[in-house]
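*Asks:* What would the 3D arrangement of this be:
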Amino acid sequence: MLPGLKNLITDVPGIIVGNAQDASLKSGTTVLTSDKPFTASVHVMGGAPGTRETDLLAPDKSVARIDALVLSGGSAFGLEACSGVMDALHAKGRGFPVGPARVPLVPGAILFDLLNGGQKDWDQNPYRALGRAAFEGAAEDFALGTAGAGAGALTAMLKGGLGSASLVLDSGVTVGALVAANPLGAVTTPGERYFWAAPFEIGGEFGGLGPDKAAGLGRTLESRKIAAIQKPGGAPLPPERANTTIAIVATDAALTKAQCQRLATAAHDGIGRAIVPAHSPGDGDLVFAASTGARVLDAPDTELGPICHAAALCLSRAIARAVYNARPEPGDLLPCWAAS
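*Replies:* You can find the predicted model right below:
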């Protein structure tokens, strides 16, 4: 397996991604879509998720395909980004047909970035406009790091961000991952130079330093993030109020909703390998899985396993790339990896 040409989720043919962010807000939105509806499902392993329209992605629900997926900052406010995407899809005449009407189907998930130093005293929720702008700007090329849904993301010790990676299997199937990394845990080992995901790095895509040679890692749970967002003299902030890693894995392999759900479940291994700790009660860790259906599998029962494995590898790499590509901006609470 090797990365695709762009090493982005858009190496999956037909997938495009758009970002929109506001530097003063220190937040933003990312949208994944295609020129035609696609199959999708979801799996949640964190204890504090924030979602919209995810129930319809269960294999037993009647709707087979959706129009877009949204990752957004803004906590519950950010779910309104889905409405902006719906507006744009409606203007294009797209959506699930119900008689003469069409209803765009746009599931989404959010992360918490309300205490990251940005200006949050808006009179009108900004995320509807950000969602529409992200959709309308969707393309095969898009920015990583401090962009889109990762614009205001923070890990335990460093700035988080938006990441992506891809792999092309020997069978020709393409798999990609897209993630907004804002976890309770750390993406780097103590000292903030080495990535937990280092064993899975390909071609120096996040610095090429290799794994940390130290032993006995993972026993400390220090968090600059929690310390930074505490108000001086204020009540302690419960750590479960300020985290989440939300992701999408996608493939051109033709998968059913049930197979997409298995793909999303397996991809969570990528979070567990790249973030320590992961899937905590204080994270809303969630993975969507999408299939464009362009490549029919010869043996779905045996080919799904390698696709799931590739998705987990891509997600680990995407998480590290999110932090590696984060850039410093005025008013940041935490340093970037490049400056640490």
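*Asks:* shaky segments in the stretch 51-200 of the chain?
*Replies:* Nowhere does the stretch 51-200 of the chain drop to pLDDT under 70.
*Asks:* So for the nearest residue to residue 115 once chain neighbours are set aside, what's the pLDDT?
*Replies:* In space, and not counting its chain neighbours, residue 115 is closest to residue 229: 4.1 Å by CB to CB, 6 or more residues apart in numbering. Where you see a C-beta, it was placed from the backbone N, CA and C, and this is true even at glycine. Here the pLDDT value assigned to residue 229 is 81.
*Asks:* Can you report phi and psi for residue 229?
*Replies:* Torsion angles at residue 229 (phi, psi; degrees, to the nearest 10) stand at phi -90, psi 0.
*Asks:* which ones are touching it?
*Replies:* Taking CB atoms under 8 Å, 6 or more residues apart in numbering, we find residue 229 in contact with 115-116, 237, 242, 333.
*Asks:* same thing with residue 84?
*Replies:* Going by CB under 8 Å, 6+ apart, residue 84 touches 29, 127-135.
*Asks:* Quick one: the strands in this structure, in order.
*Replies:* Along the chain, the segments classed as strands by DSSP state E run 15-22, 27-44, 51-52, 66-72, 96-98, 101-103, 108-110, 161-168, 174-182, 244-253, 286-295.
*Asks:* how far is the second one from where the chain is centred?
*Replies:* Right, the one you point to is strand 27-44. 10 Å (CA atoms, centre = their mean, to the nearest Å).
*Asks:* What of the shortest one?
*Replies:* Using CA atoms, centre = their mean, we find the averaged C-alpha position of strand 51-52 to lie 14 Å away from the chain's own average C-alpha position.
*Asks:* Then the first one?
*Replies:* Per CA atoms, centre = their mean, the displacement of strand 15-22 from the mean C-alpha position of its chain is 12 Å.
*Asks:* Would you mind getting the angle between that strand and strand 27-44?
*Replies:* 130 degrees (axes from the mean of the first three to the mean of the last three CA atoms, to 10 degrees).
*Asks:* So which other helices or strands are in contact with strand 15-22?
*Replies:* strand 27-44, helix 127-136 (3 or more CB pairs under 8 Å, 6 or more residues apart in numbering; DSSP states H and E).
*Asks:* Ok, the fourth one next?
*Replies:* In this structure, strand 66-72 packs against strand 27-44, helix 81-91, strand 108-110, helix 127-136, strand 244-253, with contacts taken as 3+ CB pairs under 8 Å, 6+ apart.
*Asks:* what about residue 74, distance to residue 136?
*Replies:* Note on residue 74: its distance to residue 136, by CB to CB, to the nearest Å, is 19 Å.
*Asks:* More neighbours: those two, which one.
*Replies:* Ranked by neighbour count (other CB atoms under 10 Å), residue 74 and residue 136 place residue 74 first, with 26 against 15.
*Asks:* Now do the helices for the stretch 201-340 of the chain: every range, in order, please.
*Replies:* Assigned by DSSP state H, counting those that start in this stretch, the helices in the stretch 201-340 of the chain fall at 224-229, 257-274, 300-324.
*Asks:* In JSON lines, list these along with distance to residue 164.
*Replies:* Below are the helices of the stretch 201-340 of the chain laid out as JSON lines (distance: least, CB to CB, whole Å):
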{"stretch": "helix 224-229", "distance to residue 164": "23"}
{"stretch": "helix 257-274", "distance to residue 164": "12"}
{"stretch": "helix 300-324", "distance to residue 164": "5"}
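*Asks:* who wins for proximity to residue 98 among those helices?
*Replies:* Residue 98 sits nearest to helix 257-274 of all the helices of the stretch 201-340 of the chain, at 19.6 Å, using CB to CB.
*Asks:* tell me which residues in the closest one are buried?
*Replies:* 257, 259-274 (16 or more other CB atoms under 10 Å).
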